[in-house]
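Colleague: A structural model of the following input is requested.
(chains A and B)
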Amino acid sequence: MGYRDVAKVGLGGPVGSGKTALVQRLVPRLDDAGYDVGVIANDIMTQEDADRLRDSFADRLPTDLVAGVETGACPHTGIREDPSMNLAKIDEFTERHPELDVVLIESGGDNLAATFNPELADYFMFVISVAEGDDIPRKRGPGVTQADLLVVNKTDLAPHVDVDLDVLRDDAETVRGDDPTVFTNCKAEEGVGEVVDSIERSILFA
Amino acid sequence: MTSSAALLTAMRLSDSMLPVGTYTASYGVEQYLNEDEIETADELGELLGGYLRGVIGPAETVALGHAHRSAAAGDLDGVLAADERLGAATLPAEFRDSSTKAGRKLLELLAETDGDPVDDGGGGAAAGDGGGGAATGDGGGAVDGVNGDPAAGDGADPLARAAVDGTVAEFAAACEAGRADGHYPVVLGVVCQRAGLSSREAALANAYGSVSGLLAAAQRLGRFGHTAIQSQLSALFPVIESVSDRYHDAELDAMCSFAPLADVMGMSHERADRRLFMS
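Modeller: The predicted structure follows:
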């Protein structure tokens, strides 16, 4: 067993877009659906972060399937040019838990150019926040254009930050063509089911 | 004289682009910065000079040189001895982890990109006949047996030859089986030997890669200008050269490591409140 024997989902996106919140919503749903899940968070910088991460899945996942990976202050390198330490962690997971079905790999917060190495992530979603402004898709960052799934999170904030969700939707469609975009409000669990459906349809039932 | 292909291989192995995770290790430098023990580029340079004289030279380079000589002789036991001793001389657990993770990733990378050392597709001496097997030198494939000059021959990628080589394969198998840890300098010594680089060249590549990696780590963590970092790198060249010259052919029994504050920093880092690096 090794990293090639398990489905790997990458979650990238800017700082504060809601990657961690999305992971925290995805794990219970995948767990309830009967999948054995592991979680890797890149760039957990403080011990408090690490403790919070483990505590958040304490009733769902074995503690040795929740891990942080340091990326030497280079979050994009850790998921793109040199994913070797993430792959080594997944190998550790699969050695201890050969029954593992899927690993969620959360990138450290990065810029719009961050993409996942296809040898690290079988499925790559890019998470942006409505609060970052409605021009994010129009910038055509590789993260936005190349992701298998674009997740536009914090839709509840749109009226407070003068963002038109229709503009975001149209622009996402323009720059991504037929590739899907999902709108979520992780806080209220809105749209999270669609994300789970996309993961299942794309890599777990494949 | 080093062939162009061997020189290119040395550059490839020293390049920060080599995807073996070394950019995630700071070997205590992060903790020095966390604790404000170094603030200026000159202090950083002095620290890395100490690393070279106290650890990279007398421990890593000695292990690398012994592994290189052992690989040339087809002596897997010698390679394993260098690996075991370097592990014993490396006190902070995170330093050992950083070294072995990178070493194993280098072996995996070679298997993925340049051959398959486990299956020994090149017809080398990997078929598990123990440490003496490789010394029989069946000379299969593109590799010149075990003893001679593996760089001799055509201009093909020397790493491709190294990757299908029996000694590399046996060492990779020993790591996989838990009989070796796979410390990076030891892996580098074996791989460089099979790729046709001398032990001195391998030592230079290891020391340069270590120093440039640590300088880059410090630059990402602290406030050091790019010209200041390059000045420090340049100023350390004579130290890199002198420790490589002094230790690349030293006996394994001469191995020592003396960097007590770096060891303390490495151990403190395990419980550091802020961590961007794995060591």
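
Colleague: CA only for contacts and neighbour counts going forward, please
Modeller: Noted.

Colleague: List the residues that contact the closest residue to A:L165 other than its chain neighbours.
Modeller: Distances taken as Cα to Cα, 6 or more residues apart in numbering or on different chains place A:A158 nearest to A:L165, at 7.0 Å, with adjacent residues excluded. By Cα atoms under 8 Å, 6 or more residues apart in numbering or on different chains, the contact set of A:A158 is A:130-131, A:164-165.

Colleague: distance of A:I79 from A:E92?
Modeller: 17 Å (Cα to Cα, to the nearest Å).

Colleague: what about the residue in the stretch 1-150 of chain B that chain A sits nearest to, neighbour count?
Modeller: Per Cα to the nearest Cα, B:T24 is where the stretch 1-150 of chain B lies closest to chain A, at 4.1 Å. Counted with other Cα atoms under 10 Å in any protein chain shown, the neighbours of B:T24 add up to 27.

Colleague: Which residue ranges of chain A form strands?
Modeller: In chain order, chain A shows strands spanning A:7-12, A:37-42, A:66-69, A:102-106, A:123-129, A:149-153, A:181-183, with DSSP state E as the criterion.

Colleague: Show which residues not belonging to the third one make contact with it.
Modeller: For strand A:66-69, the external contacting residues (Cα under 8 Å, 6+ apart) are A:38-44, A:50, A:53-54, A:57, A:85-86, A:89, B:278.

Colleague: other SSEs contacting the lowest-mean-pLDDT helix or strand in chain A?
Modeller: In chain A, no helix or strand scores lower on mean pLDDT, DSSP states H and E than helix A:47-56, which sits at a mean of 85. In terms of contacts (3 or more Cα pairs under 8 Å, 6 or more residues apart in numbering or on different chains; DSSP states H and E), helix A:47-56 is packed against strand A:66-69.

Colleague: Kindly report the residues of chain B close to chain A.
Modeller: For chain B, the residues in contact with chain A (Cα under 8 Å from any Cα of the partner chain) are B:17-21, B:23-26, B:101, B:105, B:217, B:220-221, B:271-278.

Colleague: Buried by neighbour count, from those residues: which ones?
Modeller: Neighbour-count burial (16 or more other Cα atoms under 10 Å in any protein chain shown) is assigned, among the residues of chain B next to chain A, to B:18-21, B:23-26, B:101, B:105, B:217, B:221, B:272, B:274-278.

Colleague: just checking, which of the residues you listed belong to helices?
Modeller: Within these, residues falling in helices by DSSP state H are B:101, B:105, B:217, B:221.

Colleague: how many other residues sit next to residue 74?
Modeller: As the question left the chain open, I've gone with chain A. Counted with other Cα under 10 Å, A:C74 comes out at 20.

Colleague: that answer is for a different chain, and I need it for chain B
Modeller: B:G74: 26 neighbours (other Cα under 10 Å).

Colleague: Could you do B:G225 as well?
Modeller: 11.

Colleague: Equivalent analysis for B:L86, please.
Modeller: By other Cα under 10 Å, neighbour count at B:L86 equals 29.

Colleague: just checking, it touches B:G182?
Modeller: No: the pair B:L86 / B:G182 is not scored as a contact, 9.9 Å apart, by Cα atoms under 8 Å.

Colleague: interface residues of chain A facing chain B?
Modeller: Counting by Cα under 8 Å from any Cα, chain A sits next to chain B at A:43-48, A:69-73, A:81-85, A:88.

Colleague: Just the buried ones among those residues, please.
Modeller: Counted by 16+ other Cα under 10 Å, those give A:43-45, A:69-73, A:82-85, A:88 as buried.

Colleague: and which of the residues you listed is nearest B:E30?
Modeller: A:G72 (9.5 Å; Cα to Cα).

Colleague: Would you mind confirming that that closest one makes contact with B:A25?
Modeller: Yes: with contact defined as Cα under 8 Å, A:G72 counts as touching B:A25 (6.7 Å).

Colleague: quick one, helices of the chain?
Modeller: Using chain A. Going by DSSP H, chain A shows helices at A:19-32, A:47-56, A:75-79, A:84-96, A:142-146, A:165-176, A:192-199.

Colleague: wait, chain B
Modeller: B:4-14, B:29-34, B:41-51, B:62-72, B:76-89, B:93-113, B:158-163, B:166-176, B:184-194, B:199-221, B:226-247, B:260-269.

Colleague: Tabulate these (CSV), appending mean pLDDT.
Modeller: As requested, the helices of chain B are arranged in CSV below (pLDDT from 0 to 100):
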stretch, mean pLDDT
helix B:4-14, 92
helix B:29-34, 97
helix B:41-51, 98
helix B:62-72, 97
helix B:76-89, 98
helix B:93-113, 95
helix B:158-163, 74
helix B:166-176, 93
helix B:184-194, 96
helix B:199-221, 97
helix B:226-247, 98
helix B:260-269, 98
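
Colleague: Adding distance to A:T174, write these out as a markdown table.
Modeller: Putting these into a markdown table (distance: least, Cα to Cα, whole Å) gives the following:
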| stretch | distance to A:T174 |
| --- | --- |
| helix B:4-14 | 41 |
| helix B:29-34 | 44 |
| helix B:41-51 | 48 |
| helix B:62-72 | 55 |
| helix B:76-89 | 55 |
| helix B:93-113 | 38 |
| helix B:158-163 | 45 |
| helix B:166-176 | 49 |
| helix B:184-194 | 47 |
| helix B:199-221 | 37 |
| helix B:226-247 | 40 |
| helix B:260-269 | 47 |
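
Colleague: what residues are shared contacts of A:G72 and B:A25?
Modeller: With Cα under 8 Å, 6+ apart, A:G72 and B:A25 have common neighbours B:217, B:277-278.

Colleague: now, which of those sits nearest chain A?
Modeller: B:F277 (4.5 Å).

Colleague: residue contacts, the residue nearest to the spatial centre of chain B?
Modeller: Geometric centre of chain B, nearest residue: B:P185, 2.4 Å, by Cα atoms, centre = their mean. With contacts defined as Cα under 8 Å, 6+ apart, B:P185 is in contact with B:60-61, B:63-64, B:99, B:103, B:206.

Colleague: now A:I79
Modeller: Contacts of A:I79 by Cα under 8 Å, 6+ apart are A:86, A:107, A:115-117, A:120.

Colleague: tell me the pLDDT at B:P117?
Modeller: Per-residue pLDDT puts B:P117 at 40.

Colleague: same question but for A:A21, I mixed them up
Modeller: Per the predicted model, pLDDT is 95 at A:A21.

Colleague: Give me the neighbour count for the spatially closest residue to A:K154 that is not a sequence neighbour.
Modeller: Sequence neighbours aside, A:N185 is the residue nearest to A:K154 in space, at 4.7 Å (criterion: Cα to Cα, 6+ apart). A:N185 has 21 neighbouring residues, counting by other Cα under 10 Å.

Colleague: Double-check A:N185 against A:V130; I have them as touching.
Modeller: No: with contacts counted by Cα under 8 Å, A:N185 stays clear of A:V130, the gap being 9.8 Å.

Colleague: Mutual contacts of these two, please.
Modeller: Taking Cα under 8 Å, 6+ apart as the criterion, A:N185 and A:V130 both touch A:153-155.

Colleague: Compile those residues into CSV and extend it with columns for pLDDT.
Modeller: Below are the shared contacts of A:N185 and A:V130 laid out as CSV (pLDDT from 0 to 100):
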residue, pLDDT
A:N153, 98
A:K154, 98
A:T155, 98
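
Colleague: Please name the nearest non-neighbouring residue to A:V192.
Modeller: A:T184 (6.2 Å).
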